[in-house]
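Novice: Provided below are the primary sequence and the corresponding predicted coordinates.
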Amino acid sequence: MKTVTRSYDSTAQARAAVEAIEKAGIPSSDVSLIAKQHESRAQDGGEPSDSATGAGIGGVVGGGVGLLAGLGLLAIPGLGPVVAAGWLAALAVGTAAGAATGGLMGALIGAGVDEEEAAVLSEAVRRGGALVTVRVPDDEVGRVEGLLSIHRPMDLVAHAETWRNERAQTVDPKAPSSAQTETESERKRREWRDEGMGKQA
């Protein structure tokens, strides 16, 4: 099995990507979504209902009804409150069987993601992004990557370079969570840069 990951600027994009993956026949038990709590409220029109709060880990075990039905509020070490569901969320909070340590970066590395890439993916979530992670057989990797790319994932190579320049050091997945105002300003800069690239094209 291979782990395929994509980060998105908004939870709405990530939700659409998850729906596309499930419609393509990938079991919900092999899909995970993790997004910052304050970003999800702003983008989706409110917090999860009381009945959904804390349901993310339960969704890992239950499955069958679709990943998004199991979204709930969780606390992941190094990230704080997130809206999440799926197998990677369980690893990140350290509750899954055999999980030695919590944290998103550790969970990604444990799932086979390169350490440097795991650090950037964790940083993207910390800054307000939404992460979709899928476990697939080797021969399904190309198809899943294509489906996830339809929903305009972040260019993490460019973002990582920007973050390194801002901090003049390697991306730190353990840094304090960004304030909402900072996240919104970063998103505006990304949108401005993307629009500028489109005009140049």
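Specialist: Yep, it's here.
Novice: Who is residue 134 paired with across the strands?
Specialist: For residue 134, the beta-bridge partners are residue 4, residue 31 (DSSP bridges).
Novice: Give the helix, strand or coil label for residue 128.
Specialist: Of the three states, residue 128 takes coil under DSSP: H, G, I helix; E, B strand; the rest coil.
Novice: residues near it, how many?
Specialist: Residue 128 is flanked by 25 other residues according to other CB atoms under 10 Å. C-beta coordinates here come from the backbone N, C-alpha and C atoms, glycine included.
Novice: Would you agree it is in contact with residue 36?
Specialist: Yes - counting by CB atoms under 8 Å, residue 128 does reach residue 36; the two are 5.1 Å apart.
Novice: what kind of secondary structure is residue 118 in?
Specialist: helix.
Novice: Nearest spatial neighbour of it, chain-adjacent residues omitted?
Specialist: Counting by CB to CB, 6 or more residues apart in numbering, residue 118 lies nearest to residue 108, which is 3.8 Å off, once chain neighbours are set aside.
Novice: how many other residues sit next to that neighbour?
Specialist: 26.
Novice: for it, what are its contacts?
Specialist: Contacts for residue 108 (CB atoms under 8 Å, 6 or more residues apart in numbering) come out as 3, 5, 88, 117-118, 121-122, 133.
Novice: Pass me the low-pLDDT residue ranges in this protein, would you?
Specialist: 37-65, 95-102, 167-201 (pLDDT under 70).
Novice: could you redo the last one with a cut-off of 50?
Specialist: Applying pLDDT under 50 to the chain flags residues 39-56, 58-64, 168, 170-171, 179-182, 197-201.
Novice: quick revisit: want to throw the contacts of residue 108 into a markdown table with neighbour count and distance to residue 67?
Specialist: What follows is these, written out as a markdown table (neighbours: other CB atoms under 10 Å; distance: CB to CB, whole Å):
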| residue | neighbour count | distance to residue 67 |
| --- | --- | --- |
| 3 | 18 | 16 |
| 5 | 21 | 15 |
| 88 | 28 | 11 |
| 117 | 16 | 22 |
| 118 | 22 | 21 |
| 121 | 27 | 18 |
| 122 | 31 | 20 |
| 133 | 27 | 11 |
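Novice: ok so the residue nearest to residue 118 is a strand residue?
Specialist: No - under three-state DSSP, residue 108 falls outside any strand and is assigned helix.
Novice: any idea how far it is from residue 123?
Specialist: Distance of residue 108 to residue 123, given as CB to CB, to the nearest Å: 11 Å.
Novice: Then residue 153?
Specialist: Residue 153 is 15 Å from residue 123, by CB to CB.
Novice: Residue 11 against residue 17, yeah?
Specialist: No - Residue 11 is not in contact with residue 17 according to CB under 8 Å; the separation is 10.4 Å.
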